[in-house]
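A.B. asks: Need coordinates for the below:
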Amino acid sequence: MNIYRKRVTLLSLSTALILGMAGCGSSNDPSDPVVDIPLVGNTLYMVDVDLNASNVGIPALIKLGSYETLTDGGSEIVAYDKASKRMFTTNGAENKIDIINIADVINPVLVSQIDLSPYGTGVNSVASKGGKIAVAVETKLEDGLHTSEKGKVVIFDINGVLEQSVIVGYLPDMVTFNEDGTKVIVANEGEPNGDYSVDPIGSIGIVTLADGSYVDINFTDAILTDSTDGIAVRLGDTPSNDQAKDIEPEYIVVSGNYAYVSLQENNAMAKVNLATNTLEYVKSYGAKSWEAASGNTIDIEEEGTILMKSYEGLFGLYMPDTIAAYEVSGTTYVVTANEGDGREYPIDDVNATLETGDTLNDEKKIKKLTLDASIASEYTDENDLKVVIDMGDIDNDGDYDKLYSYGARSFSIWDANGDIVFDSGDEISKKVALYEPELFNQSKGEMDGRSGNKGAEPEALAVGKIGDKTYAFIGLERQNAIMVYDITVPTDAKFVDYYKTGVEGDVSAEGMKFIPAIDSPNGKNLLLVSYEVSGSTVVYEINDLK
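C.D. replies: Residues are numbered from 1 along each chain as shown. Predicted coordinates:
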């Protein structure tokens with residue numbers, strides 16, 4: 001694809017003309033009009049105008065069919081079995097697994113449901129491999145505590161017949177298989193209750209299917225490694241003040257004999273050797289700069305306009321949720337969707353010392369903080385952004401010399417040692433501004449409503465190889481859109497498309513699964529996406545992206 005890049009520099013202008021041409025990726029609507037976007041301050045936009053694309057006007061994704069629960073929480077995570085041509089989705093609203101036949105990709109049909117109430121009170125994740133389904137189930141007790149009792153990984157066949165039930169760690173949040181299907185790996189998040197009167201340890205669990213044995217790998221003695229930019233693994237200055245309790249595994253991807261685990265609130269990644277069931281490292285992701293020298297811009301003010309600027313003293317913690325992996329010439333790379341997440345736990349149990357409805361959290365808006373004189377003037381009028389409160393007082397004098405936000409509003413690619421090789425910078429925000437200016441950083445349809453939080457919120461992620469190219473599909477949870485990137489060259493990922501899902505009624509992408517053509521029901525490359533708020537699970541065909 002030949003791209004002509006038109007650079008538009010906007011200095012102290014109130015409005016800017018952004019060309020919403022179909023060839024700039026394409027989006028769903030090839031007739032996206034020229035739009036006026038209000039801009040304030042010193043803002044740099046890069047507008048990609050694709051004049052010679054062979055797929056002008058053709059979106060990367062085509063919605064074929066969907067399974068609708070019509071219930072908030074009715075679909076969150078999706079898995080697939082190629083032999084039976086079935087997809088499996090977590091139905092959190094009913095604490096069930098929905099088994100859906102997609103042999104006819106246009107008309108997905110519910111086959112049956114697996115009731116998980118005998119195993120726990122809440123389903124969190126599902127994975128499928130080799131004719132088996134692995135499900136992560138938490139137990140929430142009558143007093144409201146989510147994590148005072150261990151959860152389970154439950155194994156079923158594709159018809160929902162129970163094979164094994166294994167007690168694992170506290171709050172099993174995500175589950176996956178190893179490559180040969182002999183083991184199941186689970187991220188036990190181990191979240192506390194609201195006042196930390198109960199705070200179990202987080203761990204990574206490994207179930208061996210042959211005998212049902214379980215190994216729990218915790219972080220009691222883990223050596224924590226700073227990132228290359230000198231940022232420590234974030235423990236968060238919690239009331240527990242305990243490394244084993246404060247590290248909270250979120251998401252797992254397996255490549256070869258290794259599992260890579262995102263520790264979201266800790267802004268770190270763990271690498272586990274699955275042959276020896278041991279930790280290889282726990283390493284900080286570091287921080288992304290939004291200072292002028294970085295060239296990155298961000299909108300931090302919820303004033304109803306698009307205001308993307310650089311700010312001195314402002315950095316973002318990557319804090320990814322979903323992660324994926326792929327190989328290039330035998331070398332593993334890990335892709336992350338840098339959502340960001342704070343610790344904010346409701347007081348919803350009767351034994352807590354705080355009143356029900358109170359919360360203990362680790363975030364404040366900039367306007368609520370005392371800033372060092374070296375950066376204070378930057379945030380006189382623009383100070384809506386929520387930042388972590390346990391980092392930034394560099395000289396320990398009671399004010400903040402640096403500010404760290406939740407998430408990097410980007411996706412990144414890392415090597416197997418946990419070092420960054422690529423970050424999408426501020427391109428996600430710029431593409432949202434280009435394709436959906438009237439919904440920029442939206443909050444339930446309110447333009448600019450999430451600029452002070454985590455922006456478009458990249459969360460869902462899938463990676464797939466098509467021909468000789470590898471693509472990343474990034475779901476923007478709050479923006480209700482999917483971005484497509486060519487990540488064949490890990491150090492130089494290229495934007496391909498922006499697909500609007502909200503206009504089709506599919507809201508808040510949470511889980512994704514790439515299905516290669518050889519395994520799919522219709523012989524085409526597919527993307528399955530589960531949407532938490534709309535409760536829909538959609539089957540997309542992926543167009544020829546060569």
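A.B. asks: Now do Leu209: how many residues are near it, please.
C.D. replies: Neighbour count for Leu209, taken as other C-beta atoms under 10 Å: 20. C-beta: built from backbone N, CA, C; applies to glycine.
A.B. asks: Spit out the contact partners of it.
C.D. replies: Lys132, Ile155, Gln164, Gly181, Thr182, Lys183, Val184 (C-beta atoms under 8 Å, 6 or more residues apart in numbering).
A.B. asks: Go ahead and confirm the third one touches Lys152.
C.D. replies: Read it as Gln164. No - using C-beta atoms under 8 Å, Gln164 makes no contact with Lys152, being 9.7 Å away.
A.B. asks: who's more crowded, these two?
C.D. replies: Taking other C-beta under 10 Å, Gln164 and Lys152 do not tie; Lys152 has more neighbours (21 against 16).
A.B. asks: In which helix or strand does that one reside?
C.D. replies: Using DSSP states H and E, Lys152 maps to strand 150-157.
A.B. asks: Direction included, what does that strand pair up with?
C.D. replies: Strand 150-157 has the following sheet partners, assigned by DSSP bridges: strand 132-138 (antiparallel), strand 162-170 (antiparallel).
A.B. asks: quick one: buried residues of the last one?
C.D. replies: Judged by neighbour count (16 or more other C-beta atoms under 10 Å), strand 162-170 contains these buried residues: Gln164, Ser165, Val166, Val168, Gly169, Tyr170.
A.B. asks: Bridged to the first one, which residues?
C.D. replies: By that I understand Gln164. Beta-bridge partners recorded for Gln164 (DSSP bridges): Ile155.
A.B. asks: what sits against it?
C.D. replies: Each residue near Gln164 by C-beta under 8 Å, 6+ apart is listed here: Val154, Ile155, Val207, Leu209, Gly212.
A.B. asks: Am I right that the third one is in contact with Asp216?
C.D. replies: In this case it means Val207. No - applying C-beta under 8 Å, one finds Val207 not in contact with Asp216, separated by 10.2 Å.
A.B. asks: Looking at these two, which one has more neighbours?
C.D. replies: Summary of the neighbour comparison: Val207 and Asp216, criterion other C-beta under 10 Å, with Val207 having more neighbours (22 against 17).
A.B. asks: Now that one: closest residue in space that isn't a chain neighbour?
C.D. replies: Closest residue to Val207 apart from its sequence neighbours, by C-beta to C-beta, 6 or more residues apart in numbering: Val184 at 4.3 Å.
A.B. asks: ditto for Tyr281
C.D. replies: Lys271 (5.2 Å).
A.B. asks: Please report phi then psi for the one you found.
C.D. replies: Dihedral angles of Lys271 (phi, psi; degrees, to the nearest 10) stand at phi -120, psi 130.
A.B. asks: What is the burial count for it?
C.D. replies: Neighbours of Lys271 (other C-beta under 10 Å): 20.
A.B. asks: and the two most separated of the buried residues of strand 162-170?
C.D. replies: Pairwise distances across these (C-beta to C-beta) peak at 19.7 Å, for the pair Gln164 and Tyr170.
A.B. asks: Which pair of the contacts of Gln164 spans the longest distance?
C.D. replies: Checking the contacts of Gln164 with C-beta to C-beta, the most distant pair is Val154 and Leu209, at 12.2 Å.
A.B. asks: Would you mind measuring from the closest residue to Thr182 other than its chain neighbours to Gly120?
C.D. replies: Closest residue in space to Thr182, ignoring its immediate chain neighbours: Leu209 at 5.9 Å, by C-beta to C-beta, 6+ apart. In this view, Leu209 and Gly120 are 20 Å apart by C-beta to C-beta, to the nearest Å.
A.B. asks: list the contacts for the nearest residue to Lys402 once chain neighbours are set aside?
C.D. replies: Nearest residue to Lys402, sequence neighbours excluded (C-beta to C-beta, 6+ apart): Gly392, at 4.5 Å. Going by C-beta under 8 Å, 6+ apart, Gly392 touches Tyr400, Asp401, Lys402, Leu403, Tyr404.
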